[in-house]
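Colleague: Could you work out the structure for the sequence below:
(chains A, B, C and D)
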Amino acid sequence: MAELVSLHDAVAELVRDGDTVALEGFTHLIPFAAGHEIIRQKRRDLTLVRMTPDLVYDQLIGAGCARKLIFSWGGNPGVGSLHRFRDAVKDSWPVPLELEEHSHAGMANRYVAGASGLPFAVLRGYVGTDLVHQTETIKPITCPFTGEVLTAVPALNPDVAIVHAQQADRAGNVQLWGIVGVQKEAVLSARRSLVTVEEVVDRLEPRPGAVVLPSWVITRVAHVPGGAHPSYAHGYSVRDNEFYQKWDPIGRDREAFTRWLEDL
Amino acid sequence: MAELVSLHDAVAELVRDGDTVALEGFTHLIPFAAGHEIIRQKRRDLTLVRMTPDLVYDQLIGAGCARKLIFSWGGNPGVGSLHRFRDAVKDSWPVPLELEEHSHAGMANRYVAGASGLPFAVLRGYVGTDLVHQTETIKPITCPFTGEVLTAVPALNPDVAIVHAQQADRAGNVQLWGIVGVQKEAVLSARRSLVTVEEVVDRLEPRPGAVVLPSWVITRVAHVPGGAHPSYAHGYSVRDNEFYQKWDPIGRDREAFTRWLEDL
Amino acid sequence: MNAYSADEMMSVAASRTLRDGAVCFVGIGLPSTAANLARRTHAPNLVLIYESGTIGAKPGHLPLSIGDGVLAETADSVVSVPEIFNYWLQPGRIDVGFLGAAQLDRFANINTTVIGGDYRDPKVRLPGAGGAPEIAASCKEVTVVVRQSPRAFVERVDFVTSVGAKRDGLGFRGAGPRRVITDLGVLSPDPDTAELTLTALHPGVTVEQARDATGWDLAVAADLETTPPPTAEELKILRHLEATKGGVSA
Amino acid sequence: MNAYSADEMMSVAASRTLRDGAVCFVGIGLPSTAANLARRTHAPNLVLIYESGTIGAKPGHLPLSIGDGVLAETADSVVSVPEIFNYWLQPGRIDVGFLGAAQLDRFANINTTVIGGDYRDPKVRLPGAGGAPEIAASCKEVTVVVRQSPRAFVERVDFVTSVGAKRDGLGFRGAGPRRVITDLGVLSPDPDTAELTLTALHPGVTVEQARDATGWDLAVAADLETTPPPTAEELKILRHLEATKGGVSA
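Modeller: This is a model prediction of the structure:
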């Protein structure tokens, strides 16, 4: 049963140094506020998992929280590069960053395997690419019926998954809608989970296209209105596209970034 | 693009002697009317696929349409046995029936593999059961990362999948809701597909929990109000529980069944 | 004291095994009756999951099948059949699997496939496996609800549809059957041998009756208990439930 | 005659390759602009699929990212990210994959991962693969939209993120890149050698310019065509589209 607690207490309890942590949300519903709380609580040596590490992971990486990144696309969508990510990869600033790089299809299937209690997933993927030479977690697998060779990737089972949703009810059941991404899989694949929500309601009204996560698969829920900013929460906020642009010069410059960090 | 045609024409065009045919619908939305049309058009040597062969497959089997059944649970839900199915298995009446028997988890994953363009699926299933000794389409597979041995089942890719849904729009897009079962996977796994619908509407209004199948993955749509009777279409009809009970004495007796068949 | 039937005692005894807040994967028939009774008595927060994909169903009447419309209408979430097996059952996140059986043996192996003859030419062809093999394998524990008779309780099942209590080395996530609730009493696997042992009798039932209804030499626990009879409240709610069953008598 | 930019010609040329009713898996940026232009001109029934899980999106403005809210609001169906890759892309049911590139070589292999140095210590770290490897492998065919320059058009990509036109024996369902649309012209793989060959130039562009913008010795088709310039209608719609892009200039 998901307990409703403060964001501070949820992060303090659930996220530990050295953990593998997945913050998910595919452009939509990115749990920025939770990422910032991890920075404020100075977690270290995290293995960060995310299909699309964007600003929130640029910030976590620049703040020195991460020792490793498992990902499939790292950029500032619609703007350009993630400079804190680049700086960590190329110049180990502030600490070295190990990469485990996949494709979206591979990452999505790794979460599916994790959510399904399987040690691996099978897909048609990666064949002919150089990713197979750089990433140890990509292996061939042979179909026992046809002999065809396909690709296997291992399950992702993060210590903690953190997602943002529109609503929770008072019992801790969660509902999210719009682009639902890989959030259900992330929560179901993780040992512990935190959902930050825009609103706590008496009753979740069923909605078209909604994903409902029952309380008993969630560890903690925190009421954090605007917790996805500068990304958006469908029906509650719009994407702050300007912030994504403004981030570019901040992320580009260690000093500007350090000032941003001090103000966080 | 799904063309809207009559049920007669759809079955005449899509279902051929010797085909592998899947009629799906998990208790809810069972495409009975399409099954009856297959009987009327006297298709033969079909390999029938269905997780829960109930009355509609008892009828098809009794009518001599099937040479093989791929399934995971064959009964009259809430009532008892399928006597035409039993008679075909035990006494080859009216023709012998070959069985390929799985569990629900295995069948569901076979459809998933089929819908995903993969030759097989992996699950934790069947271990320790006698099904592994009777069913050749159950094999062990080893995780290339952990060495753990799991179970593989081959994809299902029926020649034709037939499902019933509540609504189609005039472009042939389909929406179904309530218990959605394995219908999406059945349609996406098949080479050809037919959806019978309760109602053709100008516009599909988004609904909580609905599955939408776009026109371009469906071959034919037929307007068949009540096409799920005696099963039900959530929001349109209720299950005719009495018919399920009445079927028991009909199915039990070759003569009674033959009379039913003549009246169809 | 209330008059009650052996079936009613069985449903009540089964319902009592479900703790409040537990997550229960429910088979249709006797298990569904017991689980719905529990939700209306001591376990209002019991989470019912049916293999039709309904999570957190709160049916107002007894569903006739695992695909009854009332399950979808009252569920917290309805997911696809592949999802219910892959995301919800398989990872071992369900507390209790509640299963029925056509045939059951000394080690609580369950048969719902064929009886007599051999697989290709059986004496009786039963419906088959459905969700049972994976429910038995993956739930944290399993409760079996089945009427006890020499025909059903056999030395060795004709076909292992679902694996019972003897499961070392099979790599399952779940502990398997922890109790078999019958119309006569309760059987539990011996912690060492995994053999089913009579641990409780329902009121008025004798050890002899239980032995006569068992196709093997039934072991009896030293501290054999007697099940408390159904309370008036339990009976009232159970009978109301049964009366609501979608137009079909049990 | 209308004045237009090279980028506008590129978007128009790319949009024209999409036949009405085709199902198109759209990458963000130039491909998305071209696909949305096609839907507003000659291909009103074009089905747009974005990797965020939106099927049949009909955005009223140019989405800024593959997860723009307008995609979900206007889609026929929104599915999960695993589903879009597994059920929709992987089986080969998508007609055209529309991809961009940071670096592209003679055989239309695409690099969006690293430039220069080696993988662990690159000169430039790019965003990485995203959906591209499987889009390139599984769509029935691929169209690449990319600005032509010696830095981008290299003899050999530093990293194969997505496989190009040379794909014998790799077991792919799709035929791979059938055309590369640039700001200068159109390149297509030779049917025998799979080498990219200049098959069309946009109006006013010379073969020399195309050669100078290519990092390998560019083959030129004997029957080199000239792209018809953008029509007034195409330009009007394209400019309106660009102006609606979620608050961010291109």
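
Colleague: does A:Thr146 really touch B:Pro119, like I thought?
Modeller: Yes. A:Thr146 lies in contact with B:Pro119 (C-beta atoms under 8 Å); the separation is 4.6 Å. All C-beta atoms are positioned from the backbone trio N, CA, C, and that covers glycine.

Colleague: hey, what's in contact with both of the two?
Modeller: Residues touching both A:Thr146 and B:Pro119 by C-beta atoms under 8 Å, 6 or more residues apart in numbering or on different chains: B:Pro154.

Colleague: Same drill for these two, tell me which one is more crowded.
Modeller: Neighbour totals were compared for A:Thr146 and B:Pro119, and B:Pro119 leads with 21 against 12 (other C-beta atoms under 10 Å in any protein chain shown).

Colleague: Can you give me the distance of the more buried one to B:Val153?
Modeller: 10 Å (C-beta to C-beta, to the nearest Å).

Colleague: Which neighbours do those two have in common?
Modeller: Counting by C-beta under 8 Å, 6+ apart, the shared contacts of B:Pro119 and B:Val153 are B:Ala113.

Colleague: Now A:Gly62. Nearest residue, chain neighbours left out?
Modeller: Distances taken as C-beta to C-beta, 6 or more residues apart in numbering or on different chains put A:Arg84 closest to A:Gly62, at 3.4 Å, once the chain neighbours are dropped.

Colleague: How much space separates the one you found from chain B?
Modeller: Computed as C-beta to the nearest C-beta, to the nearest Å, the A:Arg84 to chain B distance reads 31 Å.

Colleague: close to chain B, is the helix or strand of chain C with the lowest mean pLDDT?
Modeller: Using mean pLDDT, DSSP states H and E, helix C:69-74 stands out as the lowest-scoring helix or strand of chain C, at a mean of 90. Yes. Against chain B, helix C:69-74 shows contacts by C-beta under 8 Å from any C-beta of the partner chain at C:Gly69, C:Leu71, C:Ala72.

Colleague: Next: stretch C:143-155.
Modeller: No. Stretch C:143-155 stays clear of chain B (C-beta under 8 Å from any C-beta), getting no nearer than 14.4 Å.

Colleague: Just the buried residues of that stretch, please?
Modeller: Within stretch C:143-155, the residues that count as buried by 16 or more other C-beta atoms under 10 Å in any protein chain shown are C:Thr143, C:Val144, C:Val145, C:Val146, C:Arg147, C:Gln148, C:Ala152, C:Phe153, C:Val154.

Colleague: so which of those would you say is closest to chain A?
Modeller: Proximity of the buried residues of stretch C:143-155 to chain A was ranked by C-beta to the nearest C-beta; the top entry is C:Thr143 with 18.9 Å.

Colleague: rewinding a little: between the buried residues of stretch C:143-155, which sits nearest B:Gly172?
Modeller: B:Gly172 lies nearest to C:Val145 out of these, by C-beta to C-beta, at 46.0 Å.

Colleague: surely the closest one meets C:Pro177?
Modeller: No. Taking contacts as C-beta under 8 Å, C:Val145 lies outside contact range of C:Pro177: 10.8 Å.

Colleague: so which of the residues of helix C:69-74 next to chain B is the most crowded?
Modeller: Neighbour counts for the residues of helix C:69-74 next to chain B (other C-beta under 10 Å) peak at C:Leu71, which has 29 neighbours.

Colleague: Please list all residues in contact with that residue.
Modeller: Residues counted as contacts of C:Leu71 (C-beta under 8 Å, 6+ apart) are B:Ile179, C:Tyr50, C:Ser52, C:Thr54, C:Ala57, C:Pro59, C:Pro63.

Colleague: Go again with 7 Å.
Modeller: C:Tyr50, C:Ser52, C:Thr54, C:Ala57, C:Pro59, C:Pro63 (C-beta atoms under 7 Å, 6 or more residues apart in numbering or on different chains).

Colleague: Repeat that for C:Leu187.
Modeller: Contact analysis of C:Leu187 by C-beta under 7 Å, 6+ apart lists C:Arg179, C:Val180, C:Leu196, C:Thr197, C:Leu198, C:Thr199.

Colleague: tell me which strands and helices the strand ranked longest in chain C is in contact with?
Modeller: As assigned by DSSP state E, the longest strand anywhere in chain C is strand C:219-226. Where contact means 3 or more C-beta pairs under 7 Å, 6 or more residues apart in numbering or on different chains; DSSP states H and E, strand C:219-226 is packed against strand C:196-201.

Colleague: Each with direction, which strands does the strand it packs on pair with?
Modeller: strand C:185-189 (antiparallel), strand C:219-226 (parallel) (DSSP bridges).

Colleague: Mind listing residues that contact that strand?
Modeller: Under C-beta under 7 Å, 6+ apart, the answer for strand C:196-201 is C:106-108, C:180, C:184-190, C:207, C:210, C:218-221, C:224-227.

Colleague: which residue ranges form the helices in the chain?
Modeller: Using chain A here. Here chain A has its helices, by DSSP state H, at A:7-14, A:32-40, A:55-62, A:83-91, A:104-115, A:131-134, A:183-189, A:241-252, A:254-263.

Colleague: my question was about chain C
Modeller: C:6-16, C:30-40, C:69-74, C:81-83, C:132-138, C:207-212, C:232-243.

Colleague: Out of those helices, which is closest to D:Phe159?
Modeller: Closest to D:Phe159 of the helices of chain C, according to C-beta to C-beta: helix C:81-83, at 35.7 Å.

Colleague: for the stretch 51-200 of chain A, what spans make up the strands?
Modeller: Assigned by DSSP state E, counting those that start in this stretch, the strands in the stretch 51-200 of chain A fall at A:66-71, A:98-101, A:120-123, A:139-142, A:149-154, A:160-169, A:174-176, A:192-201.
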